[in-house]
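> Sequence and predicted model, in that order:
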Amino acid sequence: QRIMSLTNLNLKKILKLSLSDSFSLCFLVGHQSYHTHALSRHREKNGKIHGKDSLPMKTGGTPKNIRNRRPLLRADRVLSNRGWGSRSDSFNVLKQKRVRVQRKSGEIEIVQGPSDRIGIEDLLWVDNEAIPEIPLLLVYHKPKWVLSAMRDTMGRPTVMDSLPPFYEKQGLNHVGRLDYDTSGLLLFSSNGVLTERLLNPIYNVPKEYVAFVEGVVNIDELRKQLQQGVETSEGKHTAKLLDLDHLPSDECQDIWENLRQTLPVEYNTKDLQMRGYLKSDNDTPLSRVRLVVSEGKHRMIRRMLANCGHGVVLLTRERQGKILLGNLKPGKFRKLTPEEFEWAMGILPETGKKSVHNLTTEPRLNH
């Protein structure tokens, strides 16, 4: 009866439990019995169980959903964890009673001190400035010639240069990588389980790219090659061709010229031309190819298309799952739309969803 009251399992299901699960349930019952007994003694000692106005203490029972109980932490810890300032800065501003909190009940009140306990998802304000919680995912438009890394010993710009300090302090990391010379959609995640599921090909999260390639591409031939799989130095990979069109000559010339003008200083133009990575003239025709893959190996799309006879000049990722790059400008961040958030939550296992909440306030991306 005690186990059934704690777990909502009927007798038939309890009898089917494995030995290890049975030990776990017995431990839970013993722990809760000890906790209830200790709480009863504490209330009796402090005179809070006897008297006309006191409510009778519930014995022999526990909250219905212990695991879903919102964790309460010291206010200075919660505030500093959100990147507002150091622990000592948070301590001082809380001591000055300049912080307000919105409890789960919706009531807004002034936090009385650094040791006050508040929920990790509670809305906070310091001097009327909202301090948002950490988002599940951030959408970033990685520019070309920016490295997908925390830092670079050669001094090249990295994606972390664009990430606001508020989020960097919280440990948000980029989900996978985009090549140095590739632009487009790059996600930043605060959830390790979600990151793993976005990257692991067994979860089949599609990634859509647009590539500008050399030559006049035969759509039927390329579609067949990608469907059957293309051998590369990293293995054999497949892709689905969505669309293809051939660019007019004036647009091709503009692309070639822009490529030369925007090469980083560490690139030697003559060396690239000799190695065949950069044409010496603007007469080479180009085609625009849109394709979808579910893997993310190093330079995989570039290798595949090159081995099909069409070297990649420009490459942009425009979609990952149901998250779209859209009209987000290079170097900028945005939060998920409600639809994108629901899709991301659908990837998480049930046990990983309980502590995840969508943001209802705009992140402070300009700090």
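Yes, it's here. Numbers count the residues shown, from 1 in each chain.
> Would you map the strands across the stretch 251-367 of the chain?
Using DSSP state E, counting those that start in this stretch, the strands of the stretch 251-367 of the chain run over 286-293, 312-320, 323-324, 333-335.
> Of all these, which one comes closest to Leu272?
Closest of these to Leu272 is strand 312-320, at 11.7 Å (criterion: C-beta to C-beta). C-betas here are computed from N, CA, C, even on glycine.
> and the closest one, average pLDDT?
The average pLDDT for strand 312-320 rounds to 96.
> Then stretch 214-223?
Averaged across stretch 214-223, pLDDT comes to 95.
> Endpoints of that stretch, how far apart?
16 Å (C-alpha to C-alpha, to the nearest Å).
> got the buried residues for it?
214, 217, 222-223 (16 or more other C-beta atoms under 10 Å).
> Among those residues, which ones are in helices?
Mapping those onto helices (DSSP state H) picks out 222-223.
> Asp127 contacts Arg98, correct?
Yes. With contacts counted by C-beta atoms under 8 Å, Asp127 reaches Arg98, the gap being 5.5 Å.
> Show me which of the two is the more surrounded one.
Arg98 (14 against 9; other C-beta atoms under 10 Å).
> now the nearest residue to Leu324 once chain neighbours are set aside: how far from Val217?
Nearest residue to Leu324 in three dimensions, chain neighbours excluded: Glu318, at 6.9 Å (C-beta to C-beta, 6 or more residues apart in numbering). Per C-beta to C-beta, to the nearest Å, Glu318 is found 19 Å from Val217.
> do the same with Glu109
Look at Glu109 and Val217: by C-beta to C-beta, they are 64 Å apart.
> number of nearby residues for Ser190?
Other residues within reach of Ser190, judged by other C-beta under 10 Å, total 18.
> That one against Glu168, yeah?
No. Contact criterion C-beta under 8 Å: Ser190 and Glu168 do not qualify, at 11.5 Å.
> in stretch 307-320, what's buried?
Across stretch 307-320, burial judged by 16+ other C-beta under 10 Å covers 308, 310-317, 319-320.
> Closest one of these to Ser249?
Minimum distance to Ser249 across the buried residues of stretch 307-320 is 14.6 Å, recorded for Val313 (C-beta to C-beta).
> Can you tell me the closest non-neighbouring residue to that closest one?
Spatially, and ignoring its direct neighbours in sequence, Val313 is nearest to Phe212 (4.7 Å; C-beta to C-beta, 6+ apart).
> Same check on Trp125?
Leaving out its chain neighbours, Trp125 is closest to Arg100 (C-beta to C-beta, 6+ apart), at 4.6 Å.
> Would you agree the one you found falls within a strand?
Yes. Under DSSP: H, G, I helix; E, B strand; the rest coil, Arg100 falls within a strand.
> For it, give me its contacts.
In this structure, Arg100 makes contact with 108-111, 124-125, judged by C-beta atoms under 8 Å, 6 or more residues apart in numbering.
> I would like a PyMOL command selecting only the buried ones among those residues, please.
Buried subset of the contacts of Arg100, written as a PyMOL selection, criterion 16+ other C-beta under 10 Å:
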select buried, resi 111+124+125
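> would you turn the contacts of Arg100 into a markdown table with distance to Thr182?
Putting the contacts of Arg100 into a markdown table (distance: C-beta to C-beta, whole Å) gives the following:
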| residue | distance to Thr182 |
| --- | --- |
| Ile108 | 46 |
| Glu109 | 49 |
| Ile110 | 49 |
| Val111 | 46 |
| Leu124 | 38 |
| Trp125 | 40 |
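> between the contacts of Arg100, which is nearest Gly346?
Among the contacts of Arg100, Leu124 lies closest to Gly346 (C-beta to C-beta), at 29.1 Å.
> Do I have it right that that closest one meets Glu109?
No. Under the criterion of C-beta under 8 Å, Leu124 makes no contact with Glu109, lying 11.5 Å away.
> Pull up the overlap in contacts between those two.
100-101.
> Would you quantify the distance from Gln228 to Asn218?
Gln228 sits at a distance of 15 Å from Asn218 (criterion: C-beta to C-beta).
> no no, Thr284
The gap separating Thr284 from Asn218 is 17 Å, by C-beta to C-beta.
> Kindly report the same for Ser105.
Taking C-beta to C-beta as the measure, Ser105 and Asn218 are separated by 65 Å.
> What about Tyr128, how many residues nearby?
Careful, residue 128 is Asn; it's not Tyr. 7.
> and it, backbone torsions?
phi 70, psi 10 (degrees, to the nearest 10).
> so Leu72 touches Ile118, yeah?
Yes. Using C-beta under 8 Å, Leu72 is in contact with Ile118, at 6.4 Å.
> Pick out whichever of those two has more residues nearby.
Set side by side, Leu72 and Ile118 show more neighbours around Ile118, with 23 against 13, by other C-beta under 10 Å.
> part of a strand, is the more buried one?
Yes. According to three-state DSSP, the state of Ile118 is that of a strand.
> I'd assumed Lys104 was in contact with it.
No. Using C-beta under 8 Å, Ile118 makes no contact with Lys104, being 10.1 Å away.
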